[in-house]
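Q: fold the following for me, if possible:
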Amino acid sequence: MKYGLDSFRKDFSTEEECLGYVFNKLYGPRCSCGGRYAKVRNRRQYQCSRCRHQIAPTAGTIFHKSPTPLTLWFHAIFIFCHARSGISAKEMQRQLGVTYKCAYRMLSLIKHRVRQGEGKLQGIVDIDTGQFSEKSSVILAVERNGPIRARVVRKTDAVTVQAFIHDMVEKKVAYTTRMNAGDPFFFNFKRSIKGTFKNVSDAKLQAYLNAFVFRYNHRHDDKQRFEALCESLVRPKSVV
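A: Modelled structure (predicted):
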């Protein structure tokens, strides 16, 4: 399903719409006392009509205590989702019209909350490994006609690969260690890193890999990709 800029602007054109989206993802319209929540004017809070209990929907999320308008935050999320080869902080700065420091912080917070996907792989799964740098390799699991999972590791010995399979693949699933199964993915990932970011440290590689895998797994549906990322970002950090 396509989800372009016009559709996005219709859904998230105001602060109230953005805050309402976060609130609805985390809470219901009614308080436990039976009252109904309504937004507090000029504040990022909702208040119960009966007991006056207040909720700050952004508490614990990446938006917590951020002076940046929520409309810009959601625009950044939209841009991140549609950047198939990734996006640099400099390009995010240009598109949002904010400072580089602000763009870098927003992008870092988004990137470090991205999850590759839900659940373990099923069906027939191909396992492959690839060298990324002198110190880092990547193990890749490819569900045939399905999603993928990937992990940055220091070595690709049998113990490390088996631990990865245990974490990423359902028990009793047929898997094969097939050379070159991940070649297209590795090629595109390396090209993305070199073309968009020029250089990524080994310490930050997993975050970039997570983002790339996330986009790949949701490549067929723009709306689903946007919704899946928002789901991750609006959850308080303690439950992510």
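
Q: could you pull up the mean pLDDT of the strand or helix carrying E16?
A: Assigned by DSSP states H and E, E16 belongs to helix 15-26. Taken as a whole, helix 15-26 has a mean pLDDT of 96.

Q: restrict the lowest-mean-pLDDT helix or strand in the chain to CA atoms and write it as CSV.
A: Every helix and strand in the chain was compared by mean pLDDT, DSSP states H and E; the lowest is strand 174-177, with a mean of 85. C-alpha atoms of strand 174-177 as CSV (Å, rounded to 0.1, in the frame of the first residue of the first chain):
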residue,chain,number,x,y,z
ALA,A,174,14.5,-26.7,8.2
TYR,A,175,17.5,-24.5,7.6
THR,A,176,20.4,-24.7,5.3
THR,A,177,23.8,-23.1,5.4
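
Q: can I see the domain layout of the protein?
A: Following automatic domain parsing, one finds the domains of the chain at 5-111, 124-218.

Q: ok, which of the ones you listed comes nearest F226?
A: F226 lies closest to domain 5-111 among those, at 4.9 Å (C-beta to C-beta). From N, CA and C alone the C-beta is placed, and that goes for glycine too.

Q: list the contacts of the residue nearest in space to the middle of the chain.
A: With distances taken as C-alpha atoms, centre = their mean, the residue of the chain nearest its centroid is V114 (2.6 Å). Contact analysis of V114 by C-beta atoms under 8 Å, 6 or more residues apart in numbering lists 207, 210-211, 214, 229, 232.

Q: that older thread, gap between the least confident helix or strand of the chain and the chain center?
A: For strand 174-177, the separation from the chain centroid amounts to 28 Å (computed by C-alpha atoms, centre = their mean, to the nearest Å).

Q: strand partners (parallel or antiparallel) of it?
A: The pairing partners recorded for strand 174-177 under DSSP bridges are strand 124-131 (parallel).

Q: quick one: buried residues of the partner strand?
A: Residues 125-130 are the ones in strand 124-131 that count as buried (16 or more other C-beta atoms under 10 Å).

Q: helices of the chain, residue ranges please.
A: Applying DSSP state H to the chain gives helices spanning 5-11, 15-26, 70-82, 89-96, 100-111, 158-168, 183-192, 205-217, 222-234.

Q: what helices and strands are in contact with the second one?
A: Right, helix 15-26. When contacts are defined as 3 or more C-beta pairs under 8 Å, 6 or more residues apart in numbering; DSSP states H and E, helix 15-26 packs onto strand 37-39, helix 70-82, helix 222-234.
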